[in-house]
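Visitor: need a structure here:
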Amino acid sequence: MPTRQTLSLEVRANALLCSLPPRMNFLRQFRAAPNLLTLLRLFIVPYLVIEILDQRYRLAFALFLVAGFSDGFDGLLARALQQKTRLGEYLDPIADKLLLSTLFLVLTHMALVPRYATVLVFSRDLGIMIISSLLYVTNTLRDFRPSILGKLNTFVQIVGVTTVLVMQVWAVPSAVPFRRFLMHSIAVLAPASAAHYAWLVLRRIQSPQTQENA
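Guide: Next up is the predicted model:
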């Protein structure tokens with residue numbers, strides 16, 4: 001007959017084993033194919049910077065295309081393989097922001113992007129990151145979906161960076177006005193999308209459902 005002490009040890013052991021799968025599941029999220037593509041995008045960033053600093057723009061543009069491919073394909077792969085994960089929900093936008101912000105910084109250093117565009121892009125992203133982190137840590141809000149203006153802002157930034165890199169690979173004098181237009185658009189959309197996002201976050205905080213979950 002098992003003693004009471006033995007039963008107590010078995011209960012503790014079972015409780016410990018029950019606590020392990022969630023952690024293992026979290027670790028297995030890193031091995032999901034979509035998340036591996038996202039990690040590849042993060043891995044590309046420093047090499048992309050090196051190639052731009054060395055003015056090897058053809059290789060830089062090729063790396064940028066690989067990064068863009070991974071960004072578009074990871075979502076399709078997650079749906080096809082049913083591998084949507086919580087890690088991917090946070091890792092994917094972080095990788096996107098890190099890629100774009102780093103490109104703006106290094107292209108400004110190479111005098112290919114005006115300083116005002118990079119300052120506004122960094123200010124917007126830094127402000128949103130700080131506010132979102134504070135709301136998440138204090139359990140005030142967990143819904144940080146991007147706004148329509150935010151998506152438009154990101155799209156224009158991608159087109160702007162792509163245009164700058166393309167102009168370094170192929171001489172396209174007619175694209176100069178288009179590049180200038182994109183930089184001015186980014187200067188307008190960055191603060192406008194930040195204000196719109198702040199307004200949406202305020203509305204979500206004040207919604208009855210958020211107050212009930214708090």
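
Visitor: L103: neighbour count?
Guide: When neighbours are defined as other C-beta atoms under 10 Å, L103 has 28 of them. Using the backbone N, CA and C atoms, a C-beta is placed for each residue, glycine as well.

Visitor: for it, what are its contacts?
Guide: Taking C-beta atoms under 8 Å, 6 or more residues apart in numbering, we find L103 in contact with L48, I52, F64, V161.

Visitor: buried ones among those residues?
Guide: Burial by neighbour count, 16 or more other C-beta atoms under 10 Å: within these this picks out L48, I52, F64, V161.

Visitor: export the contacts of L103 as TSV, with columns for secondary structure.
Guide: As requested, these are exported to TSV (DSSP: H, G, I helix; E, B strand; the rest coil):
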residue	secondary structure
L48	helix
I52	helix
F64	helix
V161	helix
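
Visitor: let's have these in TSV, adding distance to V188 and pLDDT.
Guide: Supplementary listing: the contacts of L103 in TSV, determined by distance: C-beta to C-beta, whole Å; pLDDT from 0 to 100:
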residue	distance to V188	pLDDT
L48	27	93
I52	26	95
F64	24	92
V161	17	94
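
Visitor: now, which of those residues sits nearest L100?
Guide: Closest to L100 out of the contacts of L103 is V161 (6.7 Å), distances taken as C-beta to C-beta.

Visitor: for the host helix or strand of P191, packing partners?
Guide: Using DSSP states H and E, P191 sits within helix 176-206. For helix 176-206, the packing partners by 3 or more C-beta pairs under 8 Å, 6 or more residues apart in numbering; DSSP states H and E come out as helix 115-137, helix 148-169.

Visitor: which of the ones you listed sits most buried?
Guide: helix 148-169 (a mean of 18; mean count of other C-beta atoms under 10 Å).

Visitor: which elements pack onto it?
Guide: If you count contacts as 3+ C-beta pairs under 8 Å, 6+ apart, helix 148-169 packs onto helix 57-81, helix 86-109, helix 115-137, helix 176-206.
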